[in-house]
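> 3D, please:
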Amino acid sequence: MPASRTPRTLLRWLGWLGVVLALAGVFLSYLSPELAVDLGNRVWSCF
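Reported below is the predicted structural model:
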């Protein structure tokens, strides 16, 4: 692997890690029903 592709590969892995952590945070937040209802009410109040 050329040395010039190493930073690109590292950035790609860090990007995917960020996506996975964000999705894990969203899924874990739905373990609290009160939070899900509160978020739904906030979105609904925008309309």
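> just for this protein, where's the confidence low?
For the chain, applying pLDDT under 70 flags the ranges 1-5.
> how does it look with 90?
For the chain, the stretches with pLDDT under 90 are 1-8, 25-33, 35-37, 39-40, 46-47.
> Look up how far Ser29 lies from the most centrally placed residue in the chain.
In the chain, the residue lying closest to the centroid (CA atoms, centre = their mean) is Ala22, at 1.8 Å. As judged by CB to CB, to the nearest Å, Ala22 and Ser29 stand 11 Å apart. Bear in mind the C-beta positions are built from the backbone N, C-alpha and C, glycine included.
> Which stretches in this structure count as helices?
Per DSSP state H, the chain carries helices over the ranges 6-29, 33-45.
> Need the contact partners of the last one.
Counting by CB atoms under 8 Å, 6 or more residues apart in numbering, helix 33-45 makes contact with 29-30, all of which sit outside it.
> how far away is Thr9 from Gly18?
Taken as CB to CB, the span from Thr9 to Gly18 is 15 Å.
> Next, count neighbours for Glu34.
7 (other CB atoms under 10 Å).
> I'd like the distance between it and Leu10.
39 Å.
> How about Tyr30, nearest residue that isn't a chain neighbour?
Once flanking residues are discounted, Tyr30 sits nearest to Ala36: 5.3 Å by CB to CB, 6 or more residues apart in numbering.
> mind exporting stretch 10-29 as PDB, just the C-alpha atoms?
The C-alpha coordinates for stretch 10-29 follow below in PDB (Å, rounded to 0.1, in the frame of the first residue of the first chain):
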ATOM      1  CA  LEU A  10      -7.500   6.300   8.200                       C
ATOM      2  CA  LEU A  11     -10.000   9.100   7.500                       C
ATOM      3  CA  ARG A  12     -12.400   6.600   5.900                       C
ATOM      4  CA  TRP A  13     -12.200   4.300   9.000                       C
ATOM      5  CA  LEU A  14     -12.700   7.300  11.300                       C
ATOM      6  CA  GLY A  15     -15.700   8.400   9.300                       C
ATOM      7  CA  TRP A  16     -17.300   5.000   9.500                       C
ATOM      8  CA  LEU A  17     -16.600   4.900  13.200                       C
ATOM      9  CA  GLY A  18     -18.300   8.200  13.700                       C
ATOM     10  CA  VAL A  19     -21.400   7.000  11.700                       C
ATOM     11  CA  VAL A  20     -21.500   3.800  13.800                       C
ATOM     12  CA  LEU A  21     -21.200   5.700  17.100                       C
ATOM     13  CA  ALA A  22     -23.900   8.200  16.000                       C
ATOM     14  CA  LEU A  23     -26.300   5.400  15.100                       C
ATOM     15  CA  ALA A  24     -25.500   3.500  18.300                       C
ATOM     16  CA  GLY A  25     -26.400   6.700  20.300                       C
ATOM     17  CA  VAL A  26     -29.700   7.100  18.400                       C
ATOM     18  CA  PHE A  27     -30.600   3.500  19.000                       C
ATOM     19  CA  LEU A  28     -29.600   3.700  22.700                       C
ATOM     20  CA  SER A  29     -31.700   6.800  23.200                       C
END
